[in-house]
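Enquirer: from the sequence below, what's the structure:
(2 chains)
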Amino acid sequence: MELVQIQRRLVDYTKSLFMEGFLDAQFLQLQQLQDDSNPYFVFEVVSLFFEDSEKLLNELTIALDQPNVDFKKIDSHVHQLKGSSSSIGAQRVKNACIAFRNYCDVQNIEGCLTCLQQVKQECYLVKNKFETLFRLEQQIMASGGSVPTIELGF
Amino acid sequence: MARNGGVAWMRTTEKIDGYDLSTSDTEEVHVLAVDDSLVDRKVIERLLRISSCKVTAVDSGRRALQYLGLDEEIQKKETNGFDGLKVDLIITDYCMPGMTGYELLKKVKESSAFREIPVVIMSSENVIARIDRCLEEGAEDFIVKPVKLSDVKRIIDYTTTELREGEQREGTRAKRRGINKRKQREGDDDLSSSPPSTLSSSTSSSPSSSIQSATAPSSPSTLDSPTRRLKMTSSE
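Expert: Have a look, this model is predicted:
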């Protein structure tokens, strides 16, 4: 594939992620922080997020499996996950966390279990999306091209 | 650009007076960033660096106090941190395990050595009562997460301006007395020349509108700014 075509594909793919609600404007903020001196910034932050979220999801699974569920602890973990997903613009993960916290507030275990599944699912989906995104970026950079960024209001 | 003007002024002053500026090497603002989230720490660090700041990022209020030399277990009379680098601004998350950002704010404002350092609170929760409480305790500003580049740029801009004005005031006094002096605004509440309230021009609408309704209506003029008024009324 020609460089221009890959760049086009990346732009279209990124736009689709916004359309489908996977990403929000905060992701564009992160892209603004990437430049020649920090060409992997977004990749690094997103990677940190997935390391972090994996730990949190494991802890949540364990916490919900206890005979006496500690809802304070669960809320704290979900709050953390909500915060970091919000910081990278992972909108669907963030929204799933908000729903999760609501069930936590009323101490509804079934609701929490369902939400945990949803959060896991959203993390899994957006992880795949990011992987595709970074793969396209890598192809562009390997061809000596520059990674196009999209503007808000597309 | 304003900062270039500031640098030229400082260099000139150094030559003329042999004036010992405590912001030793450069005109860069040194920010102490406090956040327990690794992701957020990485982002805020980058936001600050891209805004030409020096950054020290720590993961707890405890570590922040240690860095400043305010930790109860490590008593220090020195007003500089233990690595000698003066902190110009503290930006901290609100919700942290152990010591919250609010508790850190209180500790800083209770300290005679550090209470002049502006403290900015970040929080994902846009709660009016929380915002008010922080401002009343002396917070410079309150940012709703996720933090954007425009938020950081705004804060650094007025911190730089305040620093420069503080130095100018100090420079005038030092010239008169002919002594070297560290930057300390000792009971100097002459904030009337400070820049307009950032809250009234905040890009994140909810906090600024909630603050405007919580205090008196604020106009862009400096004296009417809510934070300035709060600072003046709550000053010692």
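Enquirer: what mean pLDDT does stretch A:132-141 have?
Expert: The average of the pLDDT scores along stretch A:132-141 is 94.
Enquirer: which intervals of chain A have sub-threshold pLDDT?
Expert: Along chain A, segments meeting pLDDT under 70 span A:152-154.
Enquirer: get me the contact residues on it for chain B.
Expert: Contact residues (CB under 8 Å from any CB of the partner chain) of chain A with chain B: A:26, A:29-30, A:32-33, A:38, A:41, A:44-45, A:48-49, A:52, A:76, A:79-80, A:82-84, A:86-89. (C-beta placed from N, C-alpha, C; glycine too.)
Enquirer: 7 Å instead, please
Expert: For chain A, the contact set with chain B under CB under 7 Å from any CB of the partner chain comprises A:26, A:29, A:32-33, A:41, A:45, A:48-49, A:52, A:79-80, A:83-84, A:86-88.
Enquirer: check contacts around residue B:45.
Expert: B:33, B:55, B:57 (CB atoms under 7 Å, 6 or more residues apart in numbering or on different chains).
Enquirer: try 10 Å
Expert: Listed by CB atoms under 10 Å, 6 or more residues apart in numbering or on different chains, the contact set of residue B:45 reads A:33, B:31, B:33, B:35, B:53, B:55-57.
Enquirer: now the helices for chain A?
Expert: Assigned by DSSP state H, chain A shows helices spanning A:3-19, A:25-32, A:41-64, A:71-88, A:91-105, A:109-142.
Enquirer: with just CA atoms, put the first one into CSV.
Expert: In this case it means helix A:3-19. Taking Å, rounded to 0.1, in the frame of the first residue of the first chain, the C-alpha atoms of helix A:3-19 are listed here in CSV:
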residue,chain,number,x,y,z
LEU,A,3,2.1,5.9,2.1
VAL,A,4,-0.7,8.2,1.2
GLN,A,5,-3.2,5.4,1.3
ILE,A,6,-2.0,4.2,4.7
GLN,A,7,-2.2,7.8,6.0
ARG,A,8,-5.7,8.1,4.6
ARG,A,9,-6.6,4.8,6.3
LEU,A,10,-5.3,6.0,9.6
VAL,A,11,-7.3,9.2,9.4
ASP,A,12,-10.5,7.3,8.5
TYR,A,13,-9.9,4.7,11.2
THR,A,14,-9.4,7.3,13.9
LYS,A,15,-12.5,9.2,12.8
SER,A,16,-14.5,6.0,13.1
LEU,A,17,-13.3,5.4,16.6
PHE,A,18,-14.7,8.9,17.5
MET,A,19,-17.9,8.2,15.7
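Enquirer: who are the packing partners of it?
Expert: Secondary-structure packing of helix A:3-19 (3 or more CB pairs under 10 Å, 6 or more residues apart in numbering or on different chains; DSSP states H and E): helix A:25-32, helix A:91-105, helix A:109-142.
Enquirer: and residue B:85, how many neighbours?
Expert: 17 (other CB atoms under 10 Å in any protein chain shown).
Enquirer: surely it meets residue B:69?
Expert: No. Using CB atoms under 10 Å, residue B:85 is not in contact with residue B:69, being 11.4 Å away.
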